[in-house]
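[1] Sequence and predicted structure are below.
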Amino acid sequence: MKDILKARSYYYEFASSTLFFSEKESLFKNMQEKIKELSKFPITDENKTDFEVMAKFDFSKFKDEQNAMFFSLSYSNVPTTASFYDEGRDNGKARLDVINIIKKSSYRRDEKKCEEGEDFIGFIFGLMATFLKDEANENKQELSSELFKTSINNFIDEFLDMLEKSKYAVFFKAYVSVMRNFISLERSLLEVQEPPKKVSQAEISLKKQSYMAEIINNED
């Protein structure tokens, strides 16, 4: 059981590390170490190839793709908060849900390490990894399951869909393939169903933003 908890935490650490922007190559090397470790035991043969694709990226190439997908000054960015997938805006109920779970633990968000709110997906994945490590070491089991059911399970499918659809995705297409198989295992372990498909609030909001940008450009 401890080995399974630790293995799950490694996946979430990997998932989290890809979403934080940094000018420090040391953080990229740390991410690549996680990719190397996980590649030794891929969930499927397909994922073995996915890990090979990601391992070929150097820091500059990864940073360029990450920036194009998440941080460029355009409206084509893939949303990176749970609230955006829930309500089409940041800092919504999904953030409060995560905060309420954190309050049950001894942890709090370190604003120096994560300037984004508690609904930032990179933070949520990192928190999940921390909870799983604690459970492996101290035999606690309630918080990781609650975080998955309350938060991750609700946004993960649409988040991965948007990553895959991005015209910039090469590293992140491989990432999506790995994460889809991992999340399928997570649902099986936790006996959680995939949520029903619903109208995408994220897509509605992104279309509104693109429309407003077009109006502004035409006024200039």
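    That came through fine. Residues are numbered from 1 along each chain as shown.

[2] Mind telling me what element F182 is part of?
    Assigned by DSSP states H and E, F182 falls within helix 171-190.

[3] which secondary structure elements does that helix contact?
    In terms of contacts (3 or more C-beta pairs under 8 Å, 6 or more residues apart in numbering; DSSP states H and E), helix 171-190 is packed against helix 2-17, helix 45-55, helix 59-66, helix 153-165. The C-beta positions use only the backbone N, C-alpha and C, and glycine is treated the same way.

[4] tell me the mean pLDDT for the first one?
    Put plainly, it is helix 2-17. Within the predicted structure, the mean pLDDT of helix 2-17 is 94.

[5] cool, and the third one?
    Here helix 59-66 scores 96 as its mean pLDDT.

[6] who's in contact with it?
    Among residues not part of helix 59-66, those counted as contacts by C-beta atoms under 8 Å, 6 or more residues apart in numbering are T18, F21, E25, F28, K29, F57, Y168, A169, V170, F171, F172.

[7] The second one touches F70, doesn't it?
    Translated: F21. Yes - if you go by C-beta atoms under 8 Å, F21 and F70 touch, sitting 7.1 Å apart.

[8] Those two: which is more packed in?
    A direct count of neighbours by other C-beta atoms under 10 Å for F21 and F70 places F70 higher, at 20 against 11.

[9] pLDDT wise, what is that one at?
    Value for F70, per-residue pLDDT: 93.

[10] Find the nearest non-adjacent residue to L127, please.
    Sequence neighbours aside, L147 is the residue nearest to L127 in space, at 6.5 Å (criterion: C-beta to C-beta, 6 or more residues apart in numbering).

[11] before we move on, what SS does the one you found have?
    Reducing the assignment to helix, strand or coil with DSSP: H, G, I helix; E, B strand; the rest coil, the entry for L147 is helix.

[12] Just to be sure, N30 is in a strand?
    No - the assignment for N30, made by three-state DSSP, is helix rather than a strand.

[13] re earlier: tell me how far the helix holding F182 lies from the chain's centre.
    Once both centres are worked out by C-alpha atoms, centre = their mean, to the nearest Å, helix 171-190 turns out to sit 11 Å from its chain's centre.

[14] what's in contact with it?
    4, 8, 11, 15, 18, 38, 42-44, 46-47, 49-51, 53-54, 57, 61-62, 65-66, 69, 145, 148-149, 152-153, 156-157, 160, 163-164, 166, 169, 192-194.

[15] C-alpha coordinates for it, CSV please?
    Only the C-alpha atoms of helix 171-190 are listed here, as CSV (Å, rounded to 0.1, in the frame of the first residue of the first chain):
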residue,chain,number,x,y,z
PHE,A,171,5.7,17.8,-24.9
PHE,A,172,2.2,18.3,-23.5
LYS,A,173,0.6,15.9,-25.9
ALA,A,174,2.8,13.2,-24.5
TYR,A,175,2.0,14.6,-21.0
VAL,A,176,-1.7,14.2,-21.7
SER,A,177,-1.4,10.6,-22.8
VAL,A,178,0.5,9.7,-19.6
MET,A,179,-2.0,11.6,-17.4
ARG,A,180,-5.1,10.1,-19.0
ASN,A,181,-3.9,6.6,-18.2
PHE,A,182,-2.9,7.7,-14.7
ILE,A,183,-6.2,9.4,-13.9
SER,A,184,-8.1,6.3,-15.2
LEU,A,185,-6.1,4.3,-12.6
GLU,A,186,-6.8,6.9,-9.9
ARG,A,187,-10.6,6.6,-10.5
SER,A,188,-10.4,2.8,-10.3
LEU,A,189,-8.4,2.9,-7.1
LEU,A,190,-10.6,5.5,-5.4
